[in-house]
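[1] fold the following, please.
(chains A and B)
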Amino acid sequence: MGTRTKIGIKYCGGCNPAYERTKMIERVQSQLREQILFLRHDEQGLDGLILVNGCPRSCATKDLSPKEIFCHSITAESDLEALIESLTAFNKQ
Amino acid sequence: MNEVTDPPSPTISEEKRMERIVTKEDYIQSLKDLHHVVYYKGKRVEDVTEHPALRPHINSAALTYELALRPEHEELMTAVSHLTGRKINRFTHIHQSIDDLIKKVQMLRLIAHETGSCFQRCVGLDALNAVYMTAYDIDQKYKTDYFERFKRYLLHVQESNVMVVGGMTDPKGDRSLPPGKQADPDLFTHVVERRANGIIIRGAKAHMTGAVNSQEILIMPTQAMREEEKDYALACALPLNAPGVILIFGRQTNEERKCEEGFDAGNPQFGLVGGEALIIFEDVFVPWERVFLCGEYDLAGLLVERFATLHRQNYGGCKGGVSDVLIGASALAAEFQGTAGASHIKEKLAEMIHLAETIYAGSVACSAMGYKTPSGAYYPDPLLANTTKHNVTRHIYEIARLAHDISGGIVATMPFQGDLENSEVGRYVRKYLAGAQGIPVEARMKILRLIENMSGGTALVESMHGAGSPQTQKVMYGRLGNLEQKKRWAKRLVQID
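    Numbering: from 1, shown residues only, chains lettered A, B, ... in the order given. From the prediction side, this is the model:
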């Protein structure tokens, strides 16, 4: 289990999200849990971050301290496929 | 434990001092432990957490704790204390920036999506902020030490995470008479005795949202006061289990439905509005450490205005969120009865969205145009906040009217859940309440009951009078609207003096 890529999940606050953010992340987790360990965004030793925004205002991104790690931001349900592709590609590196 | 969280107080016994409330379960247990004096329908309630009419309001307030622990909401539900640097529940936070003001409004909208009802805790948040900034100003003028006292109280609130009810509205008796001229001087809460270690207060606060399920109250004056009304110029905090405090729960629309099982309550889990109470103070002792305004009458009005503005700021957030739920329910009602495709239904739903977003826009705008007070705390633009609340008194009624229009008369004439489940008439209810093909009758009934719950009676009155009646907002327009400047602009345009 220790060899899996560590990805943190950072949510915006969710004031008026256009889609079910947690459900979308659950779908991602169910597809990639063999390869990726999903953690809170403030855990140590992360390889990357998913920034889960409920809308294009992207508050999860706004409040983020600059980090030199892989980051993928999503703002809509239609971002699901791109996110999975991006995580899969990152995991293969 | 920090020593400043524990000032000596005869009203709080050592062994009953509050542990930090973190979870929903902690919150409910703390209410069980409070043993405060609550009356419901003429009877003393021994345990508010077990009472079916009070439990929905407790569930709703409990979400303010529960959501703060969820990663997907912590950005809005929590903040960093300017006193300690520690992460705290946003409902105990003093706004440190414009961003804080906006996040407060966003937080209210998100919680309303989860409850479809009032979650009550904003009243205390607004009281904390209003007293914080005003205690500073009083000290500047009178060289008192209210601000330091209040910071110690605030630290206690932030560290213990108690729910504080903000207590502003006095019963006021004959509205044509000032506090000191009332036939009964207790119709406005006032100081009846000053002692070396504290004060004795008497009076009442009316319509106090969330009072029966709060641990403490932060009392403020109900209006601006004059010199002869010094004893009524009072701000102080006390636990609701202090001797002499009595809470009488206010009856709501369809109150008895909360005591039934099932969906006829409309919103069985979270109830209707906030659950308001009349709070009596029968010679209650308050130690000086918890007194933040006492006799400085000329600053009472400023405190009232600040609380009102901070509270009026909220309404496009929470009512915007509640309206989102009502709009969704109305859309579902239309789908369930096969009218969703009709152009007039689409137009009405669009209008509801317009109205909801308009009030939300007001709350965001007054936050964005807020500013820093001398205390360092941030404050929303008062004219815009009042305008927002005034729009709420109108738009929520219109949103409810449109919900009724879309739902049809059945929203008010539908049989009981018991009829649906009755072995003899249940099949008729299923047969004649059937709507669009494939939609279970029970689902249709649930949605219609939810609409009924959210669109009438107490829910509407709360939008009208909560945070002040419309006339109070109009009074503020007169003070803040700057009519003279508007006249100058008109004169200049047509070149008259």
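[2] and the longest strand seen in chain A with chain B, contact?
    The longest strand of chain A (DSSP state E) is strand A:5-11. Yes: applying Cβ under 8 Å from any Cβ of the partner chain, one finds strand A:5-11 touching chain B at A:Ile9, A:Tyr11. Using the backbone N, CA and C atoms, a C-beta is placed for each residue, glycine as well.
[3] packing partners of the following helix or strand past that strand?
    Sequence order places helix A:21-32 as the next helix or strand after strand A:5-11, per DSSP states H and E. Identification of packing neighbours for helix A:21-32 by 3 or more Cβ pairs under 8 Å, 6 or more residues apart in numbering or on different chains; DSSP states H and E yields strand A:5-11, strand A:36-40, strand A:48-52, helix A:80-92.
[4] quick one: helix A:21-32 to chain centroid distance?
    9 Å (Cα atoms, centre = their mean, to the nearest Å).
[5] what's the angle from that helix to strand A:48-52?
    140 degrees (axes from the mean of the first three to the mean of the last three Cα atoms, to 10 degrees).
[6] before we move on, the earlier item: how about the helices and strands packed on helix A:21-32 in CSV, adding mean neighbour count?
    Formatted as CSV, the helices and strands packed on helix A:21-32 follow (neighbours: other Cβ atoms under 10 Å in any protein chain shown):
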stretch, mean neighbour count
strand A:5-11, 22
strand A:36-40, 17
strand A:48-52, 23
helix A:80-92, 14
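[7] CSV please, covering these and showing mean pLDDT.
    Listed next are the helices and strands packed on helix A:21-32 as CSV, based on pLDDT from 0 to 100:
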stretch, mean pLDDT
strand A:5-11, 96
strand A:36-40, 96
strand A:48-52, 96
helix A:80-92, 95
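[8] what's the nearest residue to the residue of chain B at minimum distance from chain A if we skip its chain neighbours?
    Proximity of chain B to chain A (Cβ to the nearest Cβ) peaks at B:Leu76, 2.9 Å away. Nearest residue to B:Leu76, sequence neighbours excluded (Cβ to Cβ, 6 or more residues apart in numbering or on different chains): A:Gly13, at 2.9 Å.
[9] just A:Phe70 next, same as before
    A:Gly48 (3.3 Å).
[10] report the mean per-residue pLDDT for whichever helix or strand B:Ala356 is part of.
    Per DSSP H and E, B:Ala356 falls inside helix B:343-368. Helix B:343-368 carries an average pLDDT of 98.
[11] the longest strand of chain A packs against which elements?
    Counting contacts by 3+ Cβ pairs under 8 Å, 6+ apart, strand A:5-11 packs against helix A:21-32, strand A:36-40, strand A:48-52, helix A:80-92.
[12] at 10 Å what do you get?
    helix A:21-32, strand A:36-40, strand A:48-52, helix A:59-62, strand A:70-74, helix A:80-92, helix B:74-77 (3 or more Cβ pairs under 10 Å, 6 or more residues apart in numbering or on different chains; DSSP states H and E).
[13] B:Gly438 is nearest to which of the helices and strands packed on helix A:21-32?
    helix A:80-92 (27.8 Å; Cβ to Cβ).
[14] what residues does chain A put near chain B?
    With Cβ under 10 Å from any Cβ of the partner chain as the criterion, chain A meets chain B at residues A:9-17, A:20-22, A:25, A:40-42, A:52, A:54, A:57, A:59-60, A:62-63.
[15] so among the residues you listed, which ones count as buried?
    With neighbours counted by 16 or more other Cβ atoms under 10 Å in any protein chain shown, the residues of chain A next to chain B contain buried members at A:9-17, A:21-22, A:25, A:41, A:52, A:54, A:59-60.
[16] B:Glu289 and B:Phe147, how far apart?
    Between B:Glu289 and B:Phe147 the computed distance is 13 Å (Cβ to Cβ, to the nearest Å).
[17] typo on my end, it should be B:Thr23
    Taken as Cβ to Cβ, the span from B:Thr23 to B:Phe147 is 32 Å.
[18] which of those two has more neighbours?
    Set side by side, B:Thr23 and B:Phe147 show more neighbours around B:Phe147, with 20 against 13, by other Cβ atoms under 10 Å in any protein chain shown.
[19] for the helix or strand containing B:Gln29, name the packing helices and strands.
    For B:Gln29, the element it lies in under DSSP H and E is helix B:24-34. With contacts taken as 3+ Cβ pairs under 10 Å, 6+ apart, helix B:24-34 sits against helix B:55-66.
[20] tell me the mean pLDDT over the helix it packs on?
    Regarding helix B:55-66, the rounded mean pLDDT is 97.
[21] that one near chain A anywhere?
    No: judged by Cβ under 10 Å from any Cβ, helix B:55-66 stays clear of chain A, getting no closer than 13.0 Å.
[22] next one: that helix to chain centre, how far?
    Centroid separation for helix B:55-66 versus its chain: 13 Å, with Cα atoms, centre = their mean.
[23] what is it packed up against?
    Helix B:55-66 makes packing contacts with helix B:24-34, helix B:74-77, helix B:98-115 when contacts are defined by 3+ Cβ pairs under 10 Å, 6+ apart.
[24] hang on, the earlier thing: could I get the contacting residues of the residue nearest to B:Leu76?
    Taking Cβ atoms under 10 Å, 6 or more residues apart in numbering or on different chains, we find A:Gly13 in contact with A:53-54, A:59-60, A:63, B:67, B:72-78, B:90, B:103, B:106-107, B:109-110.
[25] type out the PyMOL command that picks the buried ones from these.
    Buried subset of these, written as a PyMOL selection, criterion 16+ other Cβ under 10 Å:
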select buried, (chain A and resi 53+54+59+60) or (chain B and resi 67+72+73+74+75+76+77+78+90+103+106+107+109+110)
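[26] any chance of the helices and strands packed on strand A:5-11 in a markdown table, plus distance to B:Phe307?
    Shown next, in a markdown table, are the helices and strands packed on strand A:5-11 (distance: least, Cβ to Cβ, whole Å):
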| stretch | distance to B:Phe307 |
| --- | --- |
| helix A:21-32 | 34 |
| strand A:36-40 | 37 |
| strand A:48-52 | 36 |
| helix A:59-62 | 28 |
| strand A:70-74 | 39 |
| helix A:80-92 | 45 |
| helix B:74-77 | 22 |
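[27] please identify which of these is closest to B:Glu335.
    Closest approach to B:Glu335 among the helices and strands packed on strand A:5-11 (Cβ to Cβ): helix A:21-32, 21.3 Å.
[28] the helix ranked longest in chain B and chain A, any residue contact?
    Counting by DSSP state H, the longest helix found in chain B is helix B:300-336. Yes: for helix B:300-336, a contact with chain A is found by Cβ under 10 Å from any Cβ, at B:Gly317, B:Gly320, B:Gly321, B:Asp324.
[29] show me where pLDDT drops low in chain B?
    Along chain B, the parts satisfying pLDDT under 70 run over B:1-18.
[30] and it, what are its domain boundaries?
    B:25-296, B:302-494 (automatic domain parsing).
[31] pick the most buried one from those domains.
    domain B:25-296 (a mean of 21; mean count of other Cβ atoms under 10 Å in any protein chain shown).
[32] report the contact partners of residue 80.
    Because you didn't say which chain, this covers chain A. By Cβ under 10 Å, 6+ apart, the residues touching A:Leu80 are A:Tyr19, A:Met24, A:Ile25, A:Arg27, A:Val28, A:Gln31, A:Ile74.
[33] please refer instead to chain B.
    The contact partners of B:Val80, taken as Cβ under 10 Å, 6+ apart, are B:Arg86, B:Lys87, B:Ile88, B:His93, B:Gln96, B:Asp100.
[34] could you check the distance from whichever residue of chain A sits closest to chain B over to B:Glu25?
    Residue of chain A nearest chain B, by Cβ to the nearest Cβ: A:Gly13 (2.9 Å). A:Gly13 is 24 Å from B:Glu25, where distance means Cβ to Cβ.
[35] surely B:Leu355 and B:Ala403 touch.
    No: the criterion here is Cβ atoms under 10 Å, and B:Leu355 misses it with B:Ala403 at 11.1 Å.
[36] for B:Phe263, give me its contacts.
    Applying Cβ under 10 Å, 6+ apart, the residues contacting B:Phe263 are B:Arg257, B:Gln417, B:Leu420, B:Glu442, B:Ala443, B:Met445, B:Lys446, B:Ile447, B:Leu448, B:Arg449, B:Leu450, B:Asn453.
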